[in-house]
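Novice: need the 3D shape of this:
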Amino acid sequence: MKKNFVSLAVMGAFLAMGSQVALAAPDWSKVPKKDLYVFHPGAAPIEWASGKGDHSGASGLKKGEACAGCHIEDGKLSLDLKRLASKEMEPKGAPKTMSYPVGVQAAYDATNLYVRLTFKAPGGGFDHSDKDNEVKASVMFPNDKVPMGDQVGCWASCHKDVRTMPGADEKKTKYVTAGAMDLMQWRSGGGGKAVDGTVSDKRNMEGGKAGVTAEGAKAGDTYTVTFTRKLAGGVNLAAGKAVPFGIAIHADNAGGRFHHISFGHTLGLGADGDVKAAKQ
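Specialist: Okay, the predicted model is just below:
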């Protein structure tokens, strides 16, 4: 089977931390915040989660159920974090903090979607391979052709043969086996960088089409990262729609799979969703 590989491109958006974005930003004090919990997944790829392992929820996924349906109760994670931190699931070494909340806010207008993440990035990680970036914050939107994209979120791009997985190809990055995902990423290094990319079926490096910009700031021990992207381009977003998405945080100079991820959630633009975007 042909495999579809990640394509990323840095789009030249170098933004100083704490700088002002020349766009009509929302009044975030009036936008509701939803805490979504991220966790360290260990070396558990989508193949393991979907049936090529001893994951008890694989049968539910095959029936169309979502990961969040089993693993989120009253807004909190219901996971065996001790097992995820064990040598069985994390042979290299688990971080000291296995899970923490990320506050998510969203708003939209006729042209743009705005997403704001607020979190305390923990130390105590095993991997410190990204020397240039203390923190990276990512949001991914799978389109309707990504297998199980609406069930597992960005986990659909995490495979057993990608770099940093045990025994994998260190030249392979994230990919999906069909469809595409829009990726927005903010990187703390070099004054802050915004990445606008597409995880898809092409080996060549390819930029995203959403015109993503981002700004990030740290106050005390709390990071605030704000993304702005066009509604059109890539995964089309529109009023009255709910779209799947996932978030990931690389803290403490972590690289590759040594991140904390969310389960798949939904973002509603004038529609019901786990996170509801406020209309501006």
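Novice: quick one, what contacts the residue lying closest to Asp252 once chain neighbours are set aside?
Specialist: Counting by Cβ to Cβ, 6 or more residues apart in numbering, Asp252 lies nearest to Gly125, which is 3.8 Å off, once chain neighbours are set aside. (Glycine included, C-beta is placed from N, CA and C.) Gly125 is in contact with Pro95, Lys96, Ala251, Asp252, Asn253, Ala254, Phe258, counting by Cβ atoms under 8 Å, 6 or more residues apart in numbering.
Novice: how about Ala66?
Specialist: Asp150, Gln151, Val152, Phe263, Gly264.
Novice: out of those, who's the most crowded?
Specialist: Phe263 (26 neighbours; other Cβ atoms under 10 Å).
Novice: got phi/psi on that one?
Specialist: phi -80, psi 180 (degrees, to the nearest 10).
Novice: for it, give its distance to His55.
Specialist: Per Cβ to Cβ, to the nearest Å, Phe263 is found 13 Å from His55.
Novice: what's the answer for Ser262, then?
Specialist: 18 Å.
Novice: name the residue in those two with the higher neighbour count.
Specialist: Neighbour totals were compared for Ser262 and His55, and Ser262 leads with 26 against 16 (other Cβ under 10 Å).
Novice: so what pLDDT did that one get?
Specialist: According to the prediction, Ser262 has pLDDT 95.
Novice: helices of this structure, start to end?
Specialist: 46-49, 58-62, 67-71, 81-84, 149-152 (DSSP state H).
Novice: return the most buried member of these.
Specialist: Highest mean neighbour count among the helices of the chain (mean count of other Cβ atoms under 10 Å): helix 149-152, with a mean of 24.
Novice: quick check, nearest of the contacts of Gly125 to Arg187?
Specialist: Nearest to Arg187 among the contacts of Gly125, counting by Cβ to Cβ, is Asn253 at 11.3 Å.
Novice: the closest one: neighbour count?
Specialist: Around Asn253 there are 20 residues (other Cβ under 10 Å).
Novice: least trustworthy helix or strand in the chain by mean pLDDT?
Specialist: strand 10-14 (a mean of 35; mean pLDDT, DSSP states H and E).
Novice: where does the stretch 51-200 of the chain dip in pLDDT?
Specialist: Within the stretch 51-200 of the chain, the set of residues satisfying pLDDT under 70 is empty.
Novice: tell me where it has strands.
Specialist: Taking DSSP state E, counting those that start in this stretch, the strands of the stretch 51-200 of the chain run over residues 72-73, 76-77, 99-108, 112-119, 136-142, 181-187, 193-199.
Novice: so which residues make contact with the third one?
Specialist: Contact partners of strand 99-108, identified using Cβ under 8 Å, 6+ apart, comprise 26, 28, 31-40, 77, 79, 81, 113-120, 122, 231, 237, 239, 247, 249, 260, 262, 267, 269, 275-280.
Novice: return a ChimeraX selection command for the buried portion of those.
Specialist: Buried members of the contacts of strand 99-108 can be picked out in ChimeraX with the line below, counting by 16 or more other Cβ atoms under 10 Å:
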select :26,31,34,36,37,38,39,40,77,79,113,114,115,116,117,118,119,122,231,237,247,249,260,262,267,269,275,276,277,278,280
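Novice: before we move on, back to that, any chance of JSON lines for the helices of the chain, columns distance to Arg187?
Specialist: Listed next are the helices of the chain as JSON lines, based on distance: least, Cβ to Cβ, whole Å:
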{"stretch": "helix 46-49", "distance to Arg187": "25"}
{"stretch": "helix 58-62", "distance to Arg187": "32"}
{"stretch": "helix 67-71", "distance to Arg187": "27"}
{"stretch": "helix 81-84", "distance to Arg187": "26"}
{"stretch": "helix 149-152", "distance to Arg187": "24"}
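Novice: nearest to Lys172, of these?
Specialist: Comparing these by their distance to Lys172 (Cβ to Cβ), the top pick is helix 46-49, with 13.8 Å.
Novice: show residues contacting the closest one.
Specialist: Here helix 46-49 makes contact (Cβ under 8 Å, 6+ apart) with 53, 55, 57-58, 61, 67, 148, 152, 155-160.
Novice: please redo it, this time with the cut-off set to 6 Å
Specialist: His55, Trp155, Ala156, Cys158, Lys160 (Cβ atoms under 6 Å, 6 or more residues apart in numbering).
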